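# Just to be clear, the model below is a prediction. Sequence and coordinates:
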Amino acid sequence: MIAKSLIQLLWKVFFYLGVYLIIGNQLNLFGMALCFSYAGAILLLPVSIHPLRVLLFAFVVGFIIDIFHSSPGIHAASCLMMAFFRANFLHWMVPAGGYEDSMNITPGSMGFRWYFTFATGLLLIHSLMYFFLDYAGFSQFGMLLLRSLLSSIFTLAGILLLQYAIEPPRRSD
């Protein structure tokens, strides 16, 4: 059972990375918003995974993206910042019944409202870090905030589309 869920998780991670490298890095909404759909691979990790492993995984994901973009660690640093705050978000957002250890974080397993709040917060942290490093500081603070907000919304929409393409919602008849 564990091997099956691990294989499914790895397939989803490769799917997120592949879609970003083929399509996502070309998406640019009016020159203002970028779609960082690869961040969805970090969001869907199981609840029970140790935070140090999440950091290592996030670094590898960001490093792979940096290699394909020839960027000097901007994606890796943004992914690490997002992974660093992931444990805090999980702690702050504990549902009434608690978490199941092997539960993956998806809209279907956690509920759309919970997932939306969780993903939006972490994606905003990711985007803020990315644009902070891209602009090399706070010299254009208004543009940094605007692009971070728009990119977070655009990325969340892309991740939700990919998530629902992988696991369509179940119909309750």
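Arrived safely, thanks for sending.

# other SSEs contacting the helix or strand L90 falls within?
Assessed by DSSP states H and E, L90 sits inside helix 74-92. Under the contact definition 3 or more CB pairs under 8 Å, 6 or more residues apart in numbering; DSSP states H and E, helix 74-92 sits against helix 40-43, helix 51-69, helix 112-135. Yep, even glycine has a C-beta here, placed from its N, CA and C like the rest.

# Average pLDDT for that helix, rounded please.
If you average the pLDDT over helix 74-92, you get 90.

# How far away from the center of its chain is the top helix by length along the chain?
If you go by DSSP state H, the chain has its longest helix at helix 141-166. Centre-to-centre, helix 141-166 and its host chain are 10 Å apart (CA atoms, centre = their mean, to the nearest Å).

# buried residues in it?
With burial defined by 16 or more other CB atoms under 10 Å, the residues of helix 141-166 counted as buried are 144, 147-148, 150-156, 158-160, 162-163, 166.

# mean confidence score for it?
87.

# what angle separates it from helix 112-135?
Orientation check (axes from the mean of the first three to the mean of the last three CA atoms, to 10 degrees): helix 141-166 against helix 112-135 gives 130 degrees.

# ok, now which ones touch Y38?
Residues near Y38 by CB atoms under 8 Å, 6 or more residues apart in numbering: Y16, L17, Y20, L21, G24, V61, I65, H75.

# let's see it at 7 Å
By CB atoms under 7 Å, 6 or more residues apart in numbering, the contact set of Y38 is Y16, L17, Y20, G24, V61, I65.

# Could you check the pLDDT of the residue nearest the centre of the chain?
In the chain, the C-alpha nearest the mean C-alpha coordinate belongs to A39, at 2.7 Å (CA atoms, centre = their mean). Listed pLDDT for A39 reads 89.
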